[in-house]
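# Provided below are the primary sequence and the corresponding predicted coordinates.
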Amino acid sequence: MPNLLRRLIKWSVELDEYDVKFEGRVAIKSQVLVDFVRDHTLTECMEEDTSEEEKGLWKLSMDGSSCVSDNGAGLVLTSPDGWTIEYALRFGFKATNNEAEWEALIAGLTIVKHLEVQKIEAHSDSQLVVGLVSGEYEPREDSMAKY
């Protein structure tokens, strides 16, 4: 441990002349990075190759989150024309991460139903929720079976 401390001090002194600032990084969920790339990708220069199958297709992206102090979810609904609707949800009940993912899916599908969308493609980063929806998995817990 003392060797590590000496190396850190040495690098700190060496880099001090360059006015480098050290900042701690907090954990970032992978979906935040995906959203950033999607939001900052130039689409005007890209060729549009929309097949007949994709015409009229709406896309729903969702991510649920649970922690000790709060539970919620985020939804992004994208129309075939490219405009987006974004929702942030806060749950008034305790939920696990998987339950938050399910609640996000239910909220998204409820919105889609009210908009009378005919074709939808949903995306989630929860392997469990995707597996249960597609029939690939069977629920093991009562909390997942209710969904």
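That came through fine. Numbering: from 1, shown residues only.
# Which elements pack onto the longest helix belonging to the chain?
Residue-count comparison of every helix in the chain, with assignments taken from DSSP state H, identifies helix 97-114 as the longest. Applying 3 or more Cβ pairs under 8 Å, 6 or more residues apart in numbering; DSSP states H and E, we find helix 97-114 packed against strand 57-66, strand 71-78, strand 84-90, strand 119-124, helix 127-134, helix 142-145. Using the backbone N, CA and C atoms, a C-beta is placed for each residue, glycine as well.
# Kindly recompute the last result at 6 Å.
Identification of packing neighbours for helix 97-114 by 3 or more Cβ pairs under 6 Å, 6 or more residues apart in numbering; DSSP states H and E yields strand 57-66, strand 71-78, helix 127-134.
# and the spatially closest residue to residue 121 that is not a sequence neighbour, what are its bridge partners?
The shortest distance from residue 121 to any residue that is not its chain neighbour, by Cβ to Cβ, 6 or more residues apart in numbering, is 5.1 Å, and that residue is residue 59. In this entry, residue 59 is beta-bridged to residue 78, residue 121, by DSSP bridges.
# Would you check how far apart residue 112 and residue 133 are?
According to Cβ to Cβ, to the nearest Å, residue 112 and residue 133 sit 14 Å apart.
# between these two, which one's more packed in?
For residue 112 versus residue 133, neighbours defined as other Cβ atoms under 10 Å are more numerous around residue 112 (18 against 15).
# can you pull the contacts of the more buried one?
When contacts are counted by Cβ atoms under 6 Å, 6 or more residues apart in numbering, residue 112 is found next to residue 120.
# Understood, closing this out.
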